[in-house]
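K.L.:
Predicted model and sequence below, questions to follow.
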Amino acid sequence: MRQTPLIIDYFSDLLCIWAYAAQIRIDELQRQFGDAITVRPRFMTVFGDTGQRIGEGWRERGGFTGFNRHIQEVAARFPHVEVHPELWQRVQPASSGTAHHYLKAVGLWQETGDAPANVLEHAAWALRLAFFRDARNIADQDTVFEIGEEQGIPHREVEPYLRDGRAMAAFCRDVEDCEHHRIEGSPTLLLNEGRQKLYGNVGYRVIEANVQELLKQPNGEQASWC
């Protein structure tokens, strides 16, 4: 068996309905495997420019109104999530980048050891809920800070990372790693040092089986048949 935790990089975009619905699987994965795994939240720019992706990309299908219908249809398949009926109509966030940038600052604060346990995961979920359930504009910086404060994250703790570029550098590293590993979309689980990718609406048992197999490998070493 492994002597060190299995590292799982979890790439997602906060504005992605599939990642919102899949969070229950990530939560169960962490509950089941506990300290045997480390899930690292990573962020990507599927919705880096929503005007282009939805406004232009969905022009022939109704633009933001058509995308709202699509989101409602997807959400109907997942009764465990709540989606505001006017999503993408009541508010139209210009980019997921604002929230991702903020979360990288939260992650850097968490690494200092002075932050509450799992503050990054809690903040990410709070931002997803704020958008999907409450239709709040998480592209607006003041709104993001407000949501953070609601979660007990003092602005003074994360602001230095945002101001001096460290949070942006961490976000850029996520984007570069997406390109390096050819991450196709949100959500994607990257395992085994990039050798295995589980992309999209993957069932929990499939994820579980992959993790269990990797945990059987001593020190993470995998023999090759080549």
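P.N.:
Yes, it's here.
K.L.:
going forward, measure contacts and count neighbours with C-alpha atoms only.
P.N.:
Will do.
K.L.:
where do the helices sit along this structure?
P.N.:
Along the chain, counting by DSSP state H, helices occupy 17-33, 50, 63-75, 97-111, 119-132, 141-150, 155-163, 166-180, 204-215.
K.L.:
Tell me which of the ones you listed sits most buried.
P.N.:
helix 97-111 (a mean of 23; mean count of other CA atoms under 10 Å).
K.L.:
Please save the CA atoms from that helix in CSV.
P.N.:
What follows is helix 97-111, C-alpha atoms only, in CSV (Å, rounded to 0.1, in the frame of the first residue of the first chain):
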residue,chain,number,x,y,z
GLY,A,97,-11.6,34.5,-13.6
THR,A,98,-12.4,36.9,-10.8
ALA,A,99,-13.6,34.1,-8.5
HIS,A,100,-10.7,31.8,-9.5
HIS,A,101,-8.2,34.5,-8.8
TYR,A,102,-9.7,35.1,-5.4
LEU,A,103,-9.7,31.4,-4.5
LYS,A,104,-6.0,31.1,-5.4
ALA,A,105,-5.4,33.8,-2.8
VAL,A,106,-7.5,31.8,-0.3
GLY,A,107,-5.5,28.7,-1.1
LEU,A,108,-2.2,30.6,-0.5
TRP,A,109,-3.6,31.8,2.9
GLN,A,110,-4.5,28.2,3.7
GLU,A,111,-1.0,27.1,3.0
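K.L.:
any residues touching it, and which ones?
P.N.:
13-14, 43, 45, 47-48, 115-120, 123-124, 127, 138-141, 144, 157-159, 161-162, 166-168, 170-171 (CA atoms under 8 Å, 6 or more residues apart in numbering).
K.L.:
Which one, of the helices of the chain, ends up nearest to Gln89?
P.N.:
helix 63-75 (6.5 Å; CA to CA).
K.L.:
now the closest one: mean pLDDT?
P.N.:
For helix 63-75, mean pLDDT rounds to 97.
K.L.:
Check stretch 109-129 too.
P.N.:
Across stretch 109-129, pLDDT averages out at 95.
K.L.:
chain center to it: distance?
P.N.:
12 Å (CA atoms, centre = their mean, to the nearest Å).
K.L.:
for stretch 208-219, same thing?
P.N.:
Distance of stretch 208-219 from its chain centroid, counting by CA atoms, centre = their mean, is 23 Å.
K.L.:
for stretch 174-183, same thing?
P.N.:
14 Å.
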